[in-house]
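Engineer: Dropping a prediction and its sequence here:
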Amino acid sequence: MPSLSDLPEITTDLFINGEVHTTDDSLQVIDPADGVSVVGYAPPPAPSRPSRPSPPRTARS
């Protein structure tokens, strides 16, 4: 089994009531419905990495 440091970091945004809520640099994710309750925890954002270009799309007939 790999050690924790060997596993990739996976971060997500929250999708609540049809809207995407990001965690910015916060460690706590607050429920936007009441503005008080902590509904999750998230790591600070990882340093940005250069993105790979997407492969060209082909037209479907």
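Structural biologist: The structure has been received and is ready for your questions. Numbering: from 1, shown residues only.
Engineer: pLDDT weak spots in this protein?
Structural biologist: Applying pLDDT under 70 to the chain flags residues 1-2, 4, 7-12, 22-27, 42-56, 59-61.
Engineer: Try it again at 80.
Structural biologist: Across the chain, the ranges flagged by pLDDT under 80 are 1-17, 20-30, 38-61.
Engineer: Secondary structure of G35: a helix, I assume?
Structural biologist: No: counting by DSSP: H, G, I helix; E, B strand; the rest coil, G35 is not found in a helix; it is coil.
Engineer: tell me the phi and psi of it?
Structural biologist: Geometry field for G35 lists phi and psi as phi 70, psi 10, criterion degrees, to the nearest 10.
Engineer: So G40 sits against I30, correct?
Structural biologist: No: the criterion here is C-beta atoms under 8 Å, and G40 misses it with I30 at 9.2 Å. (Each C-beta comes from the backbone N, C-alpha and C, glycine too.)
Engineer: Neighbours of S5, how many?
Structural biologist: Using other C-beta atoms under 10 Å, the number of residues around S5 comes to 5.
Engineer: which residue sits closest to G40 in space, ignoring its chain neighbours?
Structural biologist: The shortest distance from G40 to any non-neighbouring residue, by C-beta to C-beta, 6 or more residues apart in numbering, is to V29 (4.1 Å).
Engineer: List the residues that contact S37.
Structural biologist: I30, D31 (C-beta atoms under 8 Å, 6 or more residues apart in numbering).
Engineer: Numbering from 767 from now on, please.
Structural biologist: Renumbered: residue one is now 767, and that last one reads S803.
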